[in-house]
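[1] fold the following for me, if possible:
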Amino acid sequence: MARQTRGTPALTAAERAGIAFTVHEFAHDPDAGSYGLAAAQALGVDPARVFKTLVVAVDGARLVVAVIPVAARLNLKALAAAAGGKRADLAEPQVAERATGYVVGGISPLGQRRRLPTIVDDSALRHERIFVSAGRRGLDIELAPADLIHLTGATTASIAT
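    As a prediction, this is how the structure comes out:
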């Protein structure tokens, strides 16, 4: 199912870094209740290996990126603590899109318009390779969790339930 496709800032970032990755393009279902779970199904992979990217406002202002498994829920309290804050709420979609340069449902942790602090759920480290959005709906990049962490300057913490 992997094939070459038009580049996105996420793919450009991965190419420039010289890491090993695979691009997976799939038919995006705009009516899917969960884009991430639909991606896992379309790719035929365990949802525990497919991660979604969420933009969160910590303490009302500071934006932080959370990367968690698609079948999990973000633990806002744990994320706030991991980011050194007291409170966290999901950012408004328009705020997330403006900050990252991507549309909701296609936000990638890689190649964002401005680099935001990133926290990856520590469950990613249990897998040799994981999938994250490659910058648009219907396009994922498969890479080693260590490469994702390195490219984003992320820390890891238990932030998913």
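[2] how about the contacts made by Gly18?
    The contact partners of Gly18, taken as C-beta atoms under 8 Å, 6 or more residues apart in numbering, number zero. Placement of C-beta: from N, CA and C, glycine included.
[3] buried residues in the host helix or strand of Thr22?
    According to DSSP states H and E, Thr22 maps onto strand 21-25. Buried positions in strand 21-25, judged by neighbour count with 16 or more other C-beta atoms under 10 Å: 21, 23-25.
[4] show me what that strand is packed up against.
    strand 130-136, strand 139-143 (3 or more C-beta pairs under 8 Å, 6 or more residues apart in numbering; DSSP states H and E).
[5] please state the offset of the shortest one from the chain centre?
    Put plainly, it is strand 139-143. Relative to the centre of its chain, strand 139-143 is centred 10 Å away, using C-alpha atoms, centre = their mean, to the nearest Å.
[6] which is the next helix or strand following it?
    helix 145-152.
[7] which of the residues in that following helix are buried?
    Buried residues in helix 145-152, counting neighbours by 16+ other C-beta under 10 Å, are found at 145, 147-149, 151-152.
[8] columns pLDDT and distance to Arg49 on top of the residues you listed, output as a markdown table?
    Shown next, in a markdown table, are the buried residues of helix 145-152 (pLDDT from 0 to 100; distance: C-beta to C-beta, whole Å):
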| residue | pLDDT | distance to Arg49 |
| --- | --- | --- |
| Pro145 | 98 | 10 |
| Asp147 | 98 | 14 |
| Leu148 | 98 | 12 |
| Ile149 | 98 | 15 |
| Leu151 | 96 | 18 |
| Thr152 | 97 | 18 |
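[9] and the residues you listed, which is closest to Arg114?
    For the buried residues of helix 145-152, the closest approach to Arg114 (C-beta to C-beta) belongs to Thr152, at 12.4 Å.
[10] list the contacts for the closest one?
    65, 109-110, 115, 118, 120.
[11] no further questions, thank you.
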